[in-house]
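>>> Test case, fold it:
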Amino acid sequence: MEKPIGKIYSTIDYTKFNFLKGNRKIKNNKELEKSIIKAGILVPIEVNSNFEVLDGQFRLMMAQKYDLEIPYRIAQGLDIHDVIDLNSTTKSWNLNDYIRKYAIEGKKPYILLLRLIKEFSYVPASSLTAAAMGNKKIRNNATKQTKNGQFDFLNYEEFYLFLKKYQQFIEETGLKGSQQTFFSYFELYLTPQFTNIQLINGFKKSDKRTIEGVFYQGVVLEFFLKAFNYGLSANSKSAIKYRLNQNEDPVVIEGNNPLLIKE
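Next comes the predicted model:
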């Protein structure tokens, strides 16, 4: 039976609560679960006037799992946008949270983006999103636009083909996916000389351990270029030409694919 506790209420009728469409995906929290088993639910969940959970989805799930009373507080008139603000005072929404929110709302670019993030899970979401918008590196404005609901693909079909080639490369070389490897591969893929088999063969003749755990983009990109050009003369038409800038970082000379890059 529901009983008032000041402005906080408590109930075992879980059916009255609803999960708010577009809210964050519920993540397991083993430490919190152990605490709840030991001491019960001490922090009330927040719901709006429609009994949609604004904050405390995991606590509600634990109450249902262990038949516990669930304390709750009603906040009038709040919606999913208020949830983002509410959560930012505790643990901010990450990029995936925003993408999932807009996908649930039915925005097609976000639905497609979420599918790609799940299919190519070894690619960091921030890297995949920036590249999908036509960038050769992570850009703050790309992340900001995505969080504001303004994400769109420069060319979805071409980008998907690129990701499938990258997947083949990762699988055949056994290289760990990272932001640095992703954007290094992207740089080479954009050139007219690029072929996957040439890069894969070059990697098999090189020591990939040289770049494992390396977070400096220039070092990784130069390794990729040398692997691709392995065995080719400097004047070979099959080689990807590049120069070193004042910081000794490689700069690819050959042009970009306009179907994938907006720069």
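>>> how about the helices in the stretch 151-263 of the chain?
With DSSP state H, counting those that start in this stretch, the ranges of helices along the stretch 151-263 of the chain come out as 156-173, 179-189, 196-204, 217-228.
>>> So which elements touch the third one?
Based on contacts counted as 3 or more CB pairs under 8 Å, 6 or more residues apart in numbering; DSSP states H and E, the elements that helix 196-204 packs against are helix 156-173, helix 217-228. Any C-beta I mention is one placed from the backbone N, CA and C, and that applies to glycine too.
>>> do you know which of those helices lies nearest residue 118?
helix 156-173 (12.0 Å; CB to CB).
>>> In this structure residue 127 contacts residue 181, no?
No. Applying CB atoms under 8 Å, one finds residue 127 not in contact with residue 181, separated by 9.6 Å.
>>> Quick check on these two: which one has the bigger neighbour count.
Set residue 127 next to residue 181 and count neighbours by other CB atoms under 10 Å: residue 181 wins out with 27 against 20.
>>> mind checking the SS state of residue 9?
Under the three-state scheme (DSSP: H, G, I helix; E, B strand; the rest coil), residue 9 adopts strand.
>>> Please shift the residue numbers so they start at 26 in all later answers.
I'll keep to 26 as the first residue from here, and by that count the last item is residue 34.
>>> What's the separation between it and residue 130?
Using CB to CB, to the nearest Å, residue 34 is found at 30 Å from residue 130.
>>> How about residue 65?
35 Å.
>>> Same question for residue 148.
24 Å.
>>> Looking at the two, which one has more neighbours?
In this view residue 148 and residue 130 are compared by other CB under 10 Å, and residue 148 has more residues nearby, 22 against 13.
>>> what's the least confident helix or strand in the protein, going by average pLDDT?
Every helix and strand in the chain was compared by mean pLDDT, DSSP states H and E; the lowest is strand 28-30, with a mean of 46.
>>> where does the nearest residue to residue 79 once chain neighbours are set aside land on pLDDT?
Using CB to CB, 6 or more residues apart in numbering and skipping the chain neighbours, the partner closest in space to residue 79 is residue 71 (4.3 Å). pLDDT, the model's per-residue confidence, is 83 for residue 71.
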